[in-house]
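1. the amino acid sequence is not available; the structure is as follows:
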């Protein structure tokens, strides 16, 4: 297969922007499905890409779905990702392996809070994107306002490639600003494309917008700039090449308009995907060589090179674990021996498939640049596989920390086996879903990104494992932090017949800034062999283990820097264990002097409702210790942006609906950890002590 004819793309956006509808239309126009089903359809069973019953019932995407289709001789691997912030890791893992993306924005709502998050994720992985302004047929749609928001809120250099013919319910088609033709989508489902001259009344606007497009390109392209200044004719090929080059270099974001629901603008978007988004070999990918001190190695898109693949998503299918992979170098054939570099396990490639949502098509081999799935492979999300000739690992993706926890238990004793099966599987599938046992209460605690995130997993335990569960009240995942610098000097000495234990550690513990990316930092400043080299890792381990156990409410102490600068040892009685215990005890004693405070997760909240409810929405947020950051009114709707502690947000969804007669909506995502007020801290400690005293 010609690699230059492959496109690995994802669709990402704020919830309710029409991503899944757009995926559905792409599959329809590329001949993958033969009828279109609406996202909230009561009859047709739901969209192809939302294959989970839960997704169809709630009308949202929970898991990113993978499919492939063909358009004009090109193979497109497409991943539809969730928009809800609770499933943000699904977007992370999709972007980790994609070469390009379509960012969907609603023509009415424009850039929303989740659009900002998705944009940040795309930047993290340097993913070139095309922007599709959807729903331009809806009342209140205004593509120009959305473009302004793209420039102001997200700092994109936008280049409009199609402009609408008519707007809202008068939207008929688009003007292609490169060809300077009007495009109409005729037929029952818009499958007939009719190109005509631009309507007279839009000609001047089209010329102006084309000039703006060329002007934007000339900032990065000397050839275009020269011709533009000299008023020379610029050919279509020159424009297409320039847009492609600048999009892949992340200089510009091409923008197209349309409406997925009304089947207008989709084929033009598919043409743009092929014309402007990169083929696999146009994107730089790197591995880390484990045999060479994890040195960065560029992966070459060449079938004859050693095979390197990344497992980016796990799913429990009908026939066992299904592992989604992206092959970066070399090729895999059925029956080949591959090695999981994270644990050194060898295995034979059992079955290779290409996924089309929940259906699968068997294939004999895959080559670099492709996305595929494998059965019967025991691994975790983020593992690297090679053919054994190289020992590379791919850099892992960013996984946010969970912020909410629930106590769960199976209702019946007989459900225990299924319950633990579900827990093991979900942890493997989703790195943001964590399970641990609370030693004090003996409860099983699950942690996740939000109420909906955990609610979905509880529902899945019931449905997929036939196990009813008892659920406790949601709890906030607090952290602890130190506020003062403190010195420590502790000697661990034990003599009890035979060899004793001896180790002395001294140094400083100090706070790191709250926004520091490191939650714990260890600095070894030992000189002159006061502590032998072989005992230093044991000290580090002792410090970090004790910090993890917390001080005030048994929650991890974060943002702490420990510097070890002195100590002493005994030639006979010193050991790794002695130094680890000395380090633990040193921290335990020092935390008392270092001003430990409790941190709580703050969420970024965006609430919207008709304008007349502005007062009550702001009142509700103030009651919840929220800080209003911004309010804006647009098309009769008020949008209130605020920062609110998660502790105060339980039950907010029913409250906002009550005060806005069911018209209010909100989205919420984790923002940062902040120190809790003194009165609240005392309350949290009191609650914790009461629980311990039970």
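-> Cool, the structure landed. All values reported here derive from a predicted model rather than from experimental measurement.

2. where do the strands sit along the stretch 51-200 of the chain?
-> For the stretch 51-200 of the chain, applying DSSP state E, counting those that start in this stretch gives strands covering 65-71, 74-80, 100-106, 129-134, 158-160, 162-165, 173-176, 181-186, 192-196.

3. figure out which of these is closest to residue 445.
-> strand 65-71 (29.8 Å; C-beta to C-beta). Just so you know, the C-beta spots here come from the backbone N, C-alpha and C atoms, and that holds for glycine as well.

4. tilt between that closest one and strand 74-80?
-> Orientation check (axes from the mean of the first three to the mean of the last three C-alpha atoms, to 10 degrees): strand 65-71 against strand 74-80 gives 150 degrees.

5. now strand 65-71: mean pLDDT?
-> Average pLDDT, strand 65-71: 77.

6. tabulate the strands of the stretch 51-200 of the chain (a markdown table), appending mean neighbour count and distance to residue 577.
-> Converted to a markdown table, these look like this (neighbours: other C-beta atoms under 10 Å; distance: least, C-beta to C-beta, whole Å):
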| stretch | mean neighbour count | distance to residue 577 |
| --- | --- | --- |
| strand 65-71 | 21 | 48 |
| strand 74-80 | 24 | 48 |
| strand 100-106 | 26 | 51 |
| strand 129-134 | 27 | 53 |
| strand 158-160 | 22 | 61 |
| strand 162-165 | 23 | 69 |
| strand 173-176 | 24 | 71 |
| strand 181-186 | 18 | 73 |
| strand 192-196 | 12 | 74 |
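
7. any chance of these in CSV, plus distance to residue 557?
-> Shown next, in CSV, are the strands of the stretch 51-200 of the chain (distance: least, C-beta to C-beta, whole Å):
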stretch, distance to residue 557
strand 65-71, 40
strand 74-80, 38
strand 100-106, 38
strand 129-134, 39
strand 158-160, 45
strand 162-165, 54
strand 173-176, 57
strand 181-186, 59
strand 192-196, 62
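
8. out of those strands, nearest to residue 281?
-> Among the strands of the stretch 51-200 of the chain, strand 100-106 sits nearest to residue 281 (C-beta to C-beta), with 13.0 Å.

9. my read: residue 543 touches residue 557, true?
-> No: counting by C-beta atoms under 8 Å, residue 543 sits too far from residue 557 to count as a contact (10.2 Å).

10. rewinding a little: indicate which one of the strands of the stretch 51-200 of the chain is closest to residue 264.
-> Evaluated over the strands of the stretch 51-200 of the chain, closeness to residue 264 peaks at strand 181-186, with 4.7 Å, by C-beta to C-beta.

11. who does that closest one touch, helix- and strand-wise?
-> The contact analysis (3 or more C-beta pairs under 8 Å, 6 or more residues apart in numbering; DSSP states H and E) places strand 181-186 against strand 162-165, strand 173-176, strand 192-196, helix 266-276.

12. if you set the cut-off to 6 Å instead, what comes out?
-> Secondary-structure packing of strand 181-186 (3 or more C-beta pairs under 6 Å, 6 or more residues apart in numbering; DSSP states H and E): strand 173-176, strand 192-196.

13. how far away is residue 692 from residue 142?
-> Plainly put, residue 692 is 57 Å away from residue 142 if you go by C-beta to C-beta, to the nearest Å.

14. which residues touch the closest residue to residue 307 other than its chain neighbours?
-> Spatial nearest neighbour of residue 307, chain neighbours left out: residue 330 (3.2 Å); criterion: C-beta to C-beta, 6 or more residues apart in numbering. Residues counted as contacts of residue 330 (C-beta atoms under 6 Å, 6 or more residues apart in numbering) are 305-307, 368.

15. widest-spaced pair of those residues?
-> Largest separation among the contacts of residue 330 by C-beta to C-beta: 306 and 368, giving 10.6 Å.

16. for those two, indicate the residue with more neighbours.
-> The neighbour count for residue 306 versus residue 368, taken as other C-beta atoms under 10 Å, is higher for residue 368 (26 against 16).

17. rewinding a little: between the strands of the stretch 51-200 of the chain, which one is closest to residue 9.
-> Residue 9 lies closest, by C-beta to C-beta, to one member of those: strand 100-106, at 4.9 Å.

18. for that closest one, give me every contacting residue.
-> The contact list for strand 100-106, computed with C-beta under 6 Å, 6+ apart, reads 9-13, 17, 19, 22, 122, 127-135, 146, 277-278.

19. which of the residues you listed count as buried?
-> Buried members of the contacts of strand 100-106, scored by 16 or more other C-beta atoms under 10 Å, are 9-13, 17, 19, 22, 122, 127-135, 146, 277-278.

20. so where's the stretch 501-650 of the chain uncertain?
-> Residue ranges of the stretch 501-650 of the chain with pLDDT under 70: 517-518, 635.

21. ok, and the residue lying closest to residue 97 once chain neighbours are set aside, which helix or strand is that part of?
-> Nearest non-adjacent residue to residue 97, counting by C-beta to C-beta, 6+ apart: residue 326, 3.9 Å away. In this structure, residue 326 sits in strand 320-329 according to DSSP states H and E.
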